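> output the structure for:
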Amino acid sequence: MGLGIRLLPTSEKDLVAAKHVKFSSNFSKIYVNHSYCLNLNRLELEAKSHSK
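Numbers count the residues shown, from 1 in each chain. Purely as a prediction, here's the structure:
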């Protein structure tokens, strides 16, 4: 089983477009907050499963 996604070879146009992509200045902050929330949810689920 799988997603069946095929990767295409990169083109010169793709490389030029990738060089111009700018991430939000708070990208890392959002990533850290998201990771924190995921870890918190995981810990809560583990605590619930151990309390049964």
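
> C-alpha only now, for contacts and for neighbours.
Noted.

> per-residue pLDDT, Ala47?
Ala47 carries a pLDDT value of 80.

> number of residues surrounding it?
Residues lying near Ala47 (other CA atoms under 10 Å) number 11.

> now do the same contact list for it.
By CA atoms under 8 Å, 6 or more residues apart in numbering, the contact list for Ala47 is empty.

> mind telling me what element it is part of?
Using DSSP states H and E, the element containing Ala47 is helix 27-51.

> show me where the protein dips below the pLDDT cut-off.
Within the chain, the segments meeting pLDDT under 70 span 1, 24-28, 30, 51-52.

> residue nearest the centroid of it?
Among the residues of the chain, the one closest to the centroid is Tyr31, at 7.6 Å (CA atoms, centre = their mean).

> distance of that residue from Cys37?
As judged by CA to CA, to the nearest Å, Tyr31 and Cys37 stand 10 Å apart.

> next one: Gly4
To Cys37, Gly4 is 30 Å away according to CA to CA.

> ok, now Lys29?
12 Å.

> just Leu8 next, same as before
Leu8 is 34 Å from Cys37, by CA to CA.

> for those two, indicate the residue with more neighbours.
When Leu8 and Cys37 are compared for neighbours, Cys37 comes out ahead with 12 against 6, by other CA under 10 Å.

> now do the same contact list for the more buried one.
With CA under 8 Å, 6+ apart, Cys37 has no contacts at all.

> how much space separates it from Thr10?
Distance, Cys37 to Thr10, by CA to CA: 35 Å.

> let me know the helix or strand that Asp14 is in.
Using DSSP H and E, Asp14 sits in helix 12-19.

> starting at the chain centroid, how far to that helix?
22 Å (CA atoms, centre = their mean, to the nearest Å).

> and stretch 31-45, by the same measure?
That offset, for stretch 31-45, works out to 13 Å (CA atoms, centre = their mean).

> alpha carbons only: can I get that stretch in PDB?
C-alpha atoms of stretch 31-45 as PDB (Å, rounded to 0.1, in the frame of the first residue of the first chain):
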ATOM      1  CA  TYR A  31       6.600  25.000  13.900                       C
ATOM      2  CA  VAL A  32       7.700  24.900  17.500                       C
ATOM      3  CA  ASN A  33       4.200  25.700  18.800                       C
ATOM      4  CA  HIS A  34       2.700  23.000  16.600                       C
ATOM      5  CA  SER A  35       5.300  20.500  17.800                       C
ATOM      6  CA  TYR A  36       4.600  21.500  21.400                       C
ATOM      7  CA  CYS A  37       0.900  20.900  21.000                       C
ATOM      8  CA  LEU A  38       1.400  17.600  19.300                       C
ATOM      9  CA  ASN A  39       3.700  16.400  22.100                       C
ATOM     10  CA  LEU A  40       1.200  17.700  24.700                       C
ATOM     11  CA  ASN A  41      -1.600  15.800  23.100                       C
ATOM     12  CA  ARG A  42       0.500  12.600  22.900                       C
ATOM     13  CA  LEU A  43       1.400  12.900  26.600                       C
ATOM     14  CA  GLU A  44      -2.300  13.400  27.600                       C
ATOM     15  CA  LEU A  45      -3.300  10.300  25.600                       C
END
